[in-house]
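[1] here is a sequence together with a model predicted from it:
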Amino acid sequence: MTKKEWPLWEIFIRGQHGLNHRHVGSLHAPDAEMAIKNARDVYTRRKEGVSIWVVPSSAITASAPSEKGPLFDPAESKVYRHPTFFDIPDEVGHM
Amino acid sequence: MPSLPNAATPDVARLAERAAAAQSHDPHVADVALKPAFFDWLCRMGDNSLILGHRISEWCGHGPVLEEDIALANTALDLIGHTQMWLGLAAEVEDAGRSADELAFLRDAMKFRNLKLVELPNGDMAVTLMREFLFDAFHFELLTALTKSSSPRVAEIAAKALKEVSYHLERSSDLVVRLGDGTEESHNRMQAALNKVWGYTGEMFAADAVDEAVAEAGIAPALADLLPLWQRTVGEVLDEATLSQPEQRFDAQTGGKQGRHTEHLGYIVAEMQFLQRAYPGASW
């Protein structure tokens, strides 16, 4: 017997104004509107957020773990790619 | 990981006391002539949210899906939070040395002043949601009117509770529409639930001497004024949900507000009060 499951949604919450939405987890819901309501109840009950995004998990394309080597290894030991040689003025704030 | 309901805030009583001490002055609180009615009315407010909150909390760990389980637990906790405020003020008005906790955990069933509607067993999800929706639609209009109460303390509690109850109503009406206008089975279950609880809804609008006294004092609205507002919301949502309003009288079952309850309340009170009865004064 196949049980009809609600589709899975990935949930992104913006913790405070000015910050990015961050992935916090996933949940099941019949549609986007209910996904937002469920996300409100599951992920923001301790006042964690000011904004919620929901994305169908099926809409996400992920990199394949087997291609880890070619994708990420070449970036190893290239310290000059880190912008750590600049002093950021205080008035710039969060970057 | 989703966060779990945080039912154990250890210092909540102390926080409530401190909040109460910082409240604004309210002449109604010390009005001796008004006291019996005001106290009774506050118990009605507190007992409705206490008993409905307890009923909804019974779903905790038994919800059909994790998301719904958490949403119901949140609603239950909101309602218990309102209870703390209403019974806290009731205790202050009574001025007999009883606390909100003592009112909740050491009063006998016949002293409870909640509507019969909220003490009905949960049944299936359809009954739980339909009952919540019909109460939410009333609760929302009542609290909206109470934000303009002549009692600043009542208005403050109402304003705080209204934000949560607005969400309760949004959520429950949404689910009533989805399930009513869903599959054949969900539609039939929702219609059966509506038929089952309909006769208990009229009690919300049946005013007695207590309601009239607090309305007279400007503390609460006349319940009859809320009826057309409730009927409009309920009519619209049921239409959208393709459910039909039962033909039977909606005020067939009354008396809860005066302490004449169904046989179900005794069981709730027994379970809720067991710990304080068995271990008097036990605390976190």
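    Perfect, thanks for sending it.

[2] could you list the low-pLDDT ranges of the chain?
    As the question left the chain open, I've gone with chain A. Judged by pLDDT under 70, chain A has its weakly predicted residues at A:1-3, A:95.

[3] wrong one, I was asking about chain B
    Residues of chain B that meet the criterion pLDDT under 70 lie in B:1-10, B:19-24.

[4] can you give me the helices in the chain?
    Answering for chain A, as no chain was given. Along chain A, counting by DSSP state H, helices occupy A:32-43, A:68-72.

[5] chain B, not that one
    Under DSSP H, chain B gives helices at B:12-21, B:35-57, B:66-94, B:100-105, B:116-119, B:125-146, B:152-180, B:184-197, B:209-216, B:223-240, B:264-278.

[6] now tabulate the ones you listed in JSON lines and tack on distance to residue A:31.
    Every C-beta, even on glycine, is put in place using the N, C-alpha and C of the backbone. Listed next are those as JSON lines, based on distance: least, Cβ to Cβ, whole Å:
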{"stretch": "helix B:12-21", "distance to residue A:31": "36"}
{"stretch": "helix B:35-57", "distance to residue A:31": "24"}
{"stretch": "helix B:66-94", "distance to residue A:31": "13"}
{"stretch": "helix B:100-105", "distance to residue A:31": "39"}
{"stretch": "helix B:116-119", "distance to residue A:31": "30"}
{"stretch": "helix B:125-146", "distance to residue A:31": "17"}
{"stretch": "helix B:152-180", "distance to residue A:31": "9"}
{"stretch": "helix B:184-197", "distance to residue A:31": "15"}
{"stretch": "helix B:209-216", "distance to residue A:31": "41"}
{"stretch": "helix B:223-240", "distance to residue A:31": "16"}
{"stretch": "helix B:264-278", "distance to residue A:31": "35"}
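
[7] residue A:53: which of those helices is closest?
    Closest to residue A:53 of the helices of chain B, according to Cβ to Cβ: helix B:66-94, at 16.7 Å.

[8] what residues does chain A have near chain B?
    For chain A, the residues in contact with chain B (Cβ under 8 Å from any Cβ of the partner chain) are A:6, A:25, A:27-30, A:33-34, A:37-38, A:41-43, A:45-46.

[9] just flag the most distant two among these.
    Pairwise across those, and taking Cβ to Cβ, the largest span is found between A:30 and A:46, at 25.6 Å.

[10] quick check, distance from stretch B:28-35 to the centre of its chain.
    Per Cα atoms, centre = their mean, to the nearest Å, the displacement of stretch B:28-35 from the mean C-alpha position of its chain is 24 Å.

[11] and the contacts of it?
    B:38, B:89, B:92-95, B:150-151, B:153-154, B:213-214, B:217, B:219 (Cβ atoms under 8 Å, 6 or more residues apart in numbering or on different chains).

[12] could those residues be laid out in CSV, adding neighbour count and distance to residue A:74?
    Below are those laid out as CSV (neighbours: other Cβ atoms under 10 Å in any protein chain shown; distance: Cβ to Cβ, whole Å):
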residue, neighbour count, distance to residue A:74
B:38, 25, 75
B:89, 26, 67
B:92, 19, 70
B:93, 24, 73
B:94, 18, 75
B:95, 12, 77
B:150, 14, 73
B:151, 25, 70
B:153, 22, 67
B:154, 27, 67
B:213, 18, 80
B:214, 26, 75
B:217, 19, 77
B:219, 23, 73
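
[13] before we move on, the earlier item: give me the more crowded residue out of residue A:30 and residue A:46.
    Using other Cβ atoms under 10 Å in any protein chain shown as the criterion, residue A:30 and residue A:46 rank with residue A:30 on top: 13 against 8.

[14] quick one: that one and residue A:5 touch, right?
    No - the criterion here is Cβ atoms under 8 Å, and residue A:30 misses it with residue A:5 at 10.2 Å.

[15] what's the spacing between residue B:282 and chain A?
    Between residue B:282 and chain A the computed distance is 27 Å (Cβ to the nearest Cβ, to the nearest Å).

[16] contact partners for that residue?
    B:275-276.

[17] what about residue A:67, neighbour count?
    Residue A:67, neighbours per other Cβ under 10 Å, totals 9.

[18] mind listing what the nearest residue to residue A:43 once chain neighbours are set aside touches?
    Excluding the flanking residues, the one nearest residue A:43 by Cβ to Cβ, 6 or more residues apart in numbering or on different chains is residue A:24, at 5.2 Å. Going by Cβ under 8 Å, 6+ apart, residue A:24 touches A:11-13, A:43, A:48.

[19] which one of those sits closest to residue A:58?
    For the contacts of residue A:24, the nearest to residue A:58 is residue A:11 (14.6 Å; Cβ to Cβ).

[20] what is the burial count for the closest one?
    By the criterion of other Cβ under 10 Å, residue A:11 has 27 neighbours.

[21] any idea which residue is closest to the centre of chain A?
    For chain A, residue A:23 is the residue whose C-alpha lies nearest the centre (Cα atoms, centre = their mean; 2.5 Å).

[22] run through the bridge partners of that one.
    Beta-bridge partners of residue A:23, counted by DSSP bridges, are residue A:12.

[23] how close does it get to chain B?
    Applying Cβ to the nearest Cβ to residue A:23 and chain B gives a distance of 13 Å.
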